[in-house]
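> Got a sequence here, can you build the structure:
(chains A, B, C and D, ligands or ions: 2)
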Number of protein chains: 2
Amino acid sequence: MPRDLRLSRMLHVLIHLDRHVERATSDQIAGMISTNPVVVRRMMAGLRKKEILISEKGHGGGWQLARPLNAISLRDVYQAIGSPPLFNIGSGADPTDCLVEKAVDARLDLAMQEAERKLLKQFSEISVEDLAHDFEQRFAALQGDADEASANAAFKHFRTDG
Amino acid sequence: MPRDLRLSRMLHVLIHLDRHVERATSDQIAGMISTNPVVVRRMMAGLRKKEILISEKGHGGGWQLARPLNAISLRDVYQAIGSPPLFNIGSGADPTDCLVEKAVDARLDLAMQEAERKLLKQFSEISVEDLAHDFEQRFAALQGDADEASANAAFKHFRTDG
DNA sequence: AGACATGAAACTTTCATTGTTGCGTGATCG
DNA sequence: CGATCACGCAACAATGAAAGTTTCATGTCT
Ligand code: FES
Ligand code: FES
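Ligands and ions are numbered 1, 2, ... in the order given. Sure thing, here's the model as predicted:
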């Protein structure tokens, strides 16, 4: 089951760009998420258009957040990567002349659209900052040590500082 | 976006087996849904195991309902075809050592599982009979003629009677 | 000028679903 | 019985979209 990984990957990258480094190149990001720089650019181009990210060329260039994580919802990210189909099941597009088939498909699509609407509403209510913050809280709690230094240390697993 | 068409197709077939013919061969069904008989058997094998359908070999053999449509929910059908992944987006299975990535993926999966749970609950509350009945009602209304003969006529578009 | 980094287009790879072929088994008909 | 019909099952080929890759152009900093 090969799912669309862009949303998951983008969220990781966005948090990285807020918590670890203020700017990173496509190559660095590609190494981070085990893919390649062109895929990174393709994926992040949509976020640039929506003014979630800024990219700069040349020396010291790379990618950088255009606004704080609490101003970026999961829905924003989802739409920025092109609103890929959320569902794997649905009706086929080969129209026959059977009215029953059309009716069944229409009804099924309705249910899926309803589910999609609800899921996107949830997404609109969760900011990327929420994700990052929740993790830090939970991690600190697990450590039995509530100070933030410990939580932040968890981020230092991957050397990306220049 | 090539979705999984099995659920949609199976629903169509089930209604057909209740409203049009009491029994149909894989070849006939394949012609009906524009695919081929082996695909039909593969798809319907799961329904046989769940005792939704019965198949018989030899002359006059073929597929037949094992219980009435009102005793078959969308959820039953979905599970019978193997519970294929409902969603197209999700987290990848390539585990790195970044805790943030793991946390983001876990959170995303949680949201998806919640949505899946809700959708399956809806599915469990809709029977295949509901789908067929709703269609007949709606079709009759559209015809400006509320008698069932008119609605039933809509089913006769495809000659499958033997 | 040279090195760095993104932008964009074209091409290849990957992989799950679907489609296909072939053979075996059981059931009905004559 | 033998022939035909129809499913059961396994193995293989085709399809198509996402991911990966290559290549060249453009812009930026030293
Ligand atoms: S957040 Fe995972 S590498 Fe920085
Ligand atoms: S219901 Fe569509 S062909 Fe019978």
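
> Every contact and neighbour count from this point should use C-alpha atoms.
Noted.

> can you pull out the strands in chain A?
If DSSP state E is used as the criterion, the strands of chain A fall at A:53-56, A:62-65.

> Kindly compare burial across those strands and name the winner.
Stretch with highest mean neighbour count among these: strand A:62-65 (a mean of 20; mean count of other C-alpha atoms under 10 Å in any protein chain shown).

> tally of neighbours for residue A:15?
When neighbours are counted by other C-alpha atoms under 10 Å in any protein chain shown, residue A:15 registers 21.

> what separates it from DNA strand C, distance-wise?
Between residue A:15 and DNA strand C the distance, using C-alpha to the nearest atom of the strand, to the nearest Å, works out to 16 Å.

> My guess is that residue contacts residue A:132. True?
Yes - with contact defined as C-alpha atoms under 8 Å, residue A:15 and residue A:132 form a contacting pair (6.5 Å).

> related to what we said a few turns ago, I'd like the strands of chain A as CSV, with mean pLDDT and distance to ligand 1 appended.
Converted to CSV, these look like this (pLDDT from 0 to 100; distance: least, C-alpha to the nearest ligand atom, whole Å):
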stretch, mean pLDDT, distance to ligand 1
strand A:53-56, 96, 16
strand A:62-65, 96, 14
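
> Stretch A:50-65 close to DNA strand C?
Yes - when contact is scored as C-alpha under 7 Å from any atom of the strand, part of stretch A:50-65 falls within range of DNA strand C: A:55-63.

> Which of those sits closest to chain B?
Closest approach between these and chain B, by C-alpha to the nearest C-alpha: residue A:63, at 18.7 Å.

> mind listing what the closest one touches?
Shown in contact with residue A:63 (C-alpha atoms under 8 Å, 6 or more residues apart in numbering or on different chains): A:23-26, A:53-56.

> go with 7 Å
Neighbour list for residue A:63: A:23-25, A:53-56 [criterion: C-alpha atoms under 7 Å, 6 or more residues apart in numbering or on different chains].

> Pick out whichever of those sits closest to residue A:119.
For residue A:119, the closest of the contacts of residue A:63 turns out to be residue A:53, at 24.2 Å, with distances computed as C-alpha to C-alpha.

> Go ahead and confirm the closest one touches residue A:68.
No - between residue A:53 and residue A:68 there is no contact under C-alpha atoms under 7 Å: 10.2 Å.

> Any part of the longest helix seen in chain A near ligand 2?
Assignment by DSSP state H gives helix A:99-124 as the longest helix of chain A. Yes - between helix A:99-124 and ligand 2, judged by C-alpha under 6 Å from any ligand atom, the touching residues are A:100-101.
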